[in-house]
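In: for reference, the sequence and a predicted model appear below.
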Amino acid sequence: MVSTNFIKIKFLRIPFIGFSFLIILCWSAFASTQPTKIDIDWFKLNMELFGGLALFLLGLDLLSEGIKKATGDTFKILLSKMTKNRLLGAISGAFITAVLNSSSITTVLIVGFISAGVMTLTQSVGVIMGANIGSTMTAQLLAFNISSYSLLPLAIGFFITFVAKNETIKHIGMMLMGLGLIFFGMGIMSKAMVPLRSYEPFLSFLQTMERPMMGVLAGAAFTALVQSSAATVGIAIAMASEQLLTLPAGIALALGANIGTCVTALLASIGKPVEAVRAAIVHVIFNVIGVLIWLPLIYHLAHLAIIISTSGIPRQIANANTLFNVINTALFISFTPWFAKLAVKIYPEHTIKTEIKIKPKYLVESTLAIPSLALEQVRKEFGRMGQITLAMLSEFPRAVLERDKQHIETIVMLDDKIDVLEAAILDFLGRIRQMTLTEKESNVYQQLITATVNLEILADVIEKDLAEKAIKIIKQQNDNYEDIRGTFNELYISVFQSVELAIKSIRDNDQEAAAQAISKKEKIRNLCEQLLIRESQHIDYKRKETLEFSRIKMSLIDKMRRIHRLARRIAKIASSPE
């Protein structure tokens, strides 16, 4: 069965939809007191209109969730390529937005990636432009207007999700259910508007939409309220299907929707780094400039849409919306650095800088919308945590050989960072777990949570055990530190390499690195045994200080072996099948 995670409306939409419902309800209550030639059941009209809108938005969510689950790994590939050049960025942005049914979500993802330092502002501009193209694919789908057949994919999709055992098949069923709900909601909204064909006040209001600026403002306002440009274009298509809206007015609403969809990205950028805020500003600049250019040319755009469209106004609105975004992207794709510079001027760097404590770099909240992508971000943060652990391990020989306690303090300080990152990773993984995961994603989740805990334990061994031994060695009056170097050099290097390989195996999902880390078991075991035998043979039981020094060295050998065991455990996690 479909999880409740799939059937909830986007969180931010709820208060906005309620607010818009209240406005229209008040307006309809006022309208019902006005003398009219026809009798309209306003309660029924509003119930069907907003009920249809709710089903429409629910269908969008189901459709996008189904596609995301079926093609989750594709996002990782695209996101790795989208920064290579502007054209690839635009194509990637268009594809991801077409799948997610929302340019807002894509822009929010981009804001998150810039916050994490994965993408630069200039690299993000092309992706934002492509996102606008992708957002028009939903309108193209809606223009088919097959609401009379909408219950068929809904029933088939429900049956598939109910009986299928294969997860991919279930996701296909979910997609069909979403598709059916989209057209079913469209049909209900269209039916609800039939009485308005003869309602003079409403027709007078629609006449104001003939003025392009009014249409653009109305489209922007409604899209900002419901947080979905697809909903605005969908309603425009539904109204056009009932001959309530002309082509120029429908195009104006669609253009306004492109501006209104920027609101979500702006809200998402609040409190984020400067570059992330600038990405949201780029989204606004691009859409506003595009609309201003086409505002006086709406009738020309309508004529062009009529030429390339063989069907009625709904298809012409969808085609005009696509043409608008494709032409704008083609015109501006060469000016991505200019857009980035303009955003920098609008939102300059803050002059006051404060000390920033360590915090997660890759755990971007917006990636939670795509669990497979969020898990990849956890891998990166794990790698960052691993680099700090390696830095701790590298401080140990320096502390001993240089007899400098400052290196011990560095180890303690780095371990504090490890604790912060571990807590953040576990919290983020917990939030991922609240999403509906595929079997593969559930396995990756379990691997990452186990690997993170083991890495933190490994860091604690360095901070508590190795650091303690280092302090004891420094306090010893024995100056034969070259003996320590000779005793531990090969063992230390082997253990360090095993930890490094284990971290790499999780961070990069590298099976070969995991195998190499595991294969060091025999070598390290032999080294430890040889060193222990050597130390036991050279113990001078008559000299107390020498005896204590030998005990410390033997204890160090044991701690090194424990570190390797933890590294091998992490590597085994990476080598287990997903």
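Out: Structure's in. What do you need?
In: and the gap between residue 285 and residue 94?
Out: 19 Å (C-beta to C-beta, to the nearest Å). (C-beta placed from N, C-alpha, C; glycine too.)
In: looking at the two, which one has more neighbours?
Out: Legend: neighbour count by other C-beta atoms under 10 Å for residue 285 and residue 94, higher for residue 94 (25 against 20).
In: return the residues in contact with the more buried one.
Out: For residue 94, the contacting residues are 130-131, 133-134, by C-beta atoms under 8 Å, 6 or more residues apart in numbering.
In: how is the chain partitioned into domains?
Out: Domains of the chain are assigned by automatic domain parsing as 73-141+195-346, 365-575.
In: deepest-packed of those domains, please.
Out: domain 73-141+195-346 (a mean of 21; mean count of other C-beta atoms under 10 Å).
In: give me the distance between it and the centre of its chain.
Out: 20 Å (C-alpha atoms, centre = their mean, to the nearest Å).
In: measure the residue nearest in space to the middle of the chain to residue 113 for me?
Out: When C-alpha atoms, centre = their mean is applied to the chain, the residue found nearest the centroid is residue 367 (1.6 Å). For residue 367, the distance to residue 113 equals 8 Å [C-beta to C-beta].
In: that older thread, is it true that the residue nearest to the centre of the chain touches residue 374?
Out: Yes: with contacts counted by C-beta atoms under 8 Å, residue 367 reaches residue 374, the gap being 4.3 Å.
In: I'd like the contacts of residue 94 as JSON lines, with secondary structure and distance to residue 447 appended.
Out: Output for these, formatted as JSON lines (DSSP: H, G, I helix; E, B strand; the rest coil; distance: C-beta to C-beta, whole Å):
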{"residue": "130", "secondary structure": "helix", "distance to residue 447": "33"}
{"residue": "131", "secondary structure": "helix", "distance to residue 447": "32"}
{"residue": "133", "secondary structure": "helix", "distance to residue 447": "37"}
{"residue": "134", "secondary structure": "helix", "distance to residue 447": "32"}
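In: tell me the two of these that are most distant?
Out: Using C-beta to C-beta, the contacts of residue 94 span at most 7.3 Å, a distance reached by 131 and 133.
In: between these two, which contacts overlap?
Out: 93-94, 97.
In: what residue ranges in the stretch 51-200 of the chain score low on pLDDT?
Out: 70-84, 100-105, 107-108, 111-112, 115-118, 145, 197-198 (pLDDT under 70).
In: residue boundaries of the helices in it?
Out: Per DSSP state H, counting those that start in this stretch, the stretch 51-200 of the chain carries helices over the ranges 72-81, 86-100, 103-115, 121-134, 136-142, 151-163, 167-192, 200-208.
In: okay, the ones you listed in a markdown table with distance to residue 332 next?
Out: Output for the helices of the stretch 51-200 of the chain, formatted as a markdown table (distance: least, C-beta to C-beta, whole Å):
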| stretch | distance to residue 332 |
| --- | --- |
| helix 72-81 | 21 |
| helix 86-100 | 10 |
| helix 103-115 | 15 |
| helix 121-134 | 6 |
| helix 136-142 | 16 |
| helix 151-163 | 37 |
| helix 167-192 | 31 |
| helix 200-208 | 30 |
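In: and of the ones you listed, who's closest to residue 528?
Out: Smallest distance to residue 528 across the helices of the stretch 51-200 of the chain (C-beta to C-beta): 39.9 Å, for helix 72-81.
In: for residue 362, which of the helices of the stretch 51-200 of the chain is the nearest?
Out: The nearest among the helices of the stretch 51-200 of the chain, by C-beta to C-beta, is helix 103-115 at 9.1 Å.
In: show me what contacts the residue lying closest to residue 415 once chain neighbours are set aside?
Out: Spatial nearest neighbour of residue 415, chain neighbours left out: residue 463 (3.8 Å); criterion: C-beta to C-beta, 6 or more residues apart in numbering. If a contact means C-beta under 8 Å, 6+ apart, then residue 463 has 392, 411-412, 414-415 as its contacts.
In: just the residues you listed: which are in helices?
Out: 392, 411-412, 414-415 (DSSP state H).
In: need the max-distance pair from the residues you listed.
Out: The span of these, defined through C-beta to C-beta, is set by 392 and 412 at 9.0 Å.
In: how about low-confidence regions in the stretch 401-550 of the chain?
Out: Ranges of the stretch 401-550 of the chain meeting pLDDT under 70: 402, 476-487, 535, 537-549.
In: can you map out the helices along it?
Out: Using DSSP H, counting those that start in this stretch, the helices of the stretch 401-550 of the chain run over 406-433, 439-460, 467-475, 481-507, 511-519, 521-537, 544-575.
In: go through those helices and name the closest to residue 249.
Out: Comparing those by C-beta to C-beta, helix 406-433 comes nearest, at 42.8 Å.
In: off-centre distance for the closest one?
Out: Computed by C-alpha atoms, centre = their mean, the separation of helix 406-433 from the middle of its chain amounts to 22 Å.
In: stretch 512-525 now?
Out: Its chain's average C-alpha position is 35 Å from that of stretch 512-525, according to C-alpha atoms, centre = their mean.
In: mind checking the end-to-end distance for that stretch?
Out: 21 Å (C-alpha to C-alpha, to the nearest Å).
In: from memory residue 282 sits against residue 338, does it?
Out: No: using C-beta under 8 Å as the test, residue 282 is too far from residue 338 to be in contact (10.4 Å).
In: could you report the pLDDT at residue 15?
Out: Residue 15 carries a pLDDT value of 44.
In: I meant residue 571, not that one.
Out: If you check residue 571, the pLDDT there is 93.
In: do I have it right that it meets residue 513?
Out: Yes: Residue 571 is within contact range of residue 513, at 7.5 Å (criterion: C-beta under 8 Å).
In: okay, and the common contacts of those two?
Out: Listed contacts common to residue 571 and residue 513 are 501-502, 505; contacts here mean C-beta under 8 Å, 6+ apart.
In: closest one of the residues you listed to residue 263?
Out: residue 505 (42.6 Å).
In: any idea how far residue 559 is from residue 464?
Out: With distances defined as C-beta to C-beta, the gap from residue 464 to residue 559 amounts to 10 Å.
In: likewise residue 147?
Out: Separation of residue 147 from residue 559 (C-beta to C-beta) stands at 70 Å.
In: quick one on the thing from earlier: can you add distance to residue 170 and give the domains of the chain back as CSV?
Out: Putting the domains of the chain into CSV (distance: least, C-beta to C-beta, whole Å) gives the following:
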stretch, distance to residue 170
domain 73-141+195-346, 17
domain 365-575, 9
